[in-house]
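Trainee: any chance you could fold what I've pasted below:
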Amino acid sequence: MAFSNLLVEDSGAIRRITLNRPDKLNALNHATLTELHAAFEAAGTDADIRVVVLTGAGPKAFVAGADIAEMSGLSPVQARDFSRHGQRLMSRIEQLGKPVLAMVNGFALGGGLELAMACHLRIAADTAKLGQPEVNLGLIPGFGGSQRLLRLVGRGAALELCLLGAPIDATRAAQLGLVTRVVPADQLETETQKLAEQLAAAAPQALRGVLDTVLTGGEAPLEAGLDYETQAFALAFSTEDMKEGTGAFLARRKPQFTGR
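Mentor: Predicted coordinates for the structure are as follows:
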């Protein structure tokens, strides 16, 4: 599949999707959102792909936000549709069923932070800056920022980021739980690859089960979440990977998971 605004490359079971608008700091316009949706649809249905890494091209930005030049001319109805278009993409990433790693190599602001939050793990360079600056434009987050921030870092920190509109550094983001890991900028590629390879070697159905139970349970009362976990736990016993994993443990050898 050919893209104008993305670079897509595979390394074994790892697919890397790079937003490729460095002259615009990889800003999200309508066309880029549409291409990202298609790219993640393809990754989700490709049985050979177990992990996705998402990053931005160039030395400055993961994604510096939505494309303000395009967005400034929208009518209220068009703005509603643009918001829903972005939110559908974020939900598609979150519900992919495979681990998605955001490799935050620079600015992750506005729509860029919303995109990173839709990923399951966020690894940031120590030089990265993250924030929701929409209030500085007389706006509010539109791609799920207020809601995912609330769930990731709590009400106080979500309000701080959205009301003040000031970016925070990677260390502060890690303290809040907004990013999973912070590494030196010159080690970001290596550390992200290591984590992606670790996940690619794990049992795909077990990874999917973890993603499903955490995402579903996080939106449900505790008892409903526990019941969902029990059902997913039982279902795992029907997989060949469960038999391979337990057999390898008992035989003291490394498991070879097939995803079946």
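Trainee: helices along this protein, start to end?
Mentor: Counting by DSSP state H, the chain has these helices, from start to end: 30-45, 68-71, 76-94, 111-118, 145-153, 155-164, 170-176, 188-200, 204-217, 222-236, 240-251.
Trainee: show me what residue 124 is bridged to.
Mentor: When assigned by DSSP bridges, residue 124 has beta-bridge partners residue 104, residue 182.
Trainee: quick check, pLDDT for it.
Mentor: Here the pLDDT value assigned to residue 124 is 98.
Trainee: try residue 72
Mentor: At residue 72 the predicted local distance difference test score is 88.
Trainee: still on that earlier bit, most tightly surrounded among the helices of the chain?
Mentor: Mean neighbour counts were taken over the helices of the chain using mean count of other CB atoms under 10 Å, and the top value, a mean of 29, falls to helix 111-118. The way it works is simple: take the backbone N, C-alpha and C, and place the C-beta from them, glycine included.
Trainee: ok so, going back, export the helices of the chain to a markdown table and tack on distance to residue 60?
Mentor: Rendered in a markdown table, the data for these read as follows (distance: least, CB to CB, whole Å):
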| stretch | distance to residue 60 |
| --- | --- |
| helix 30-45 | 17 |
| helix 68-71 | 16 |
| helix 76-94 | 22 |
| helix 111-118 | 11 |
| helix 145-153 | 21 |
| helix 155-164 | 21 |
| helix 170-176 | 15 |
| helix 188-200 | 14 |
| helix 204-217 | 31 |
| helix 222-236 | 40 |
| helix 240-251 | 41 |
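Trainee: tell me which of those sits nearest to residue 9.
Mentor: Proximity to residue 9, assessed across the helices of the chain by CB to CB, is greatest for helix 30-45 (11.3 Å).
Trainee: if we can go back for a sec, so for residue 13, which of the helices of the chain sits nearest?
Mentor: Ranking the helices of the chain by proximity to residue 13 (CB to CB) places helix 188-200 first, at 4.2 Å.
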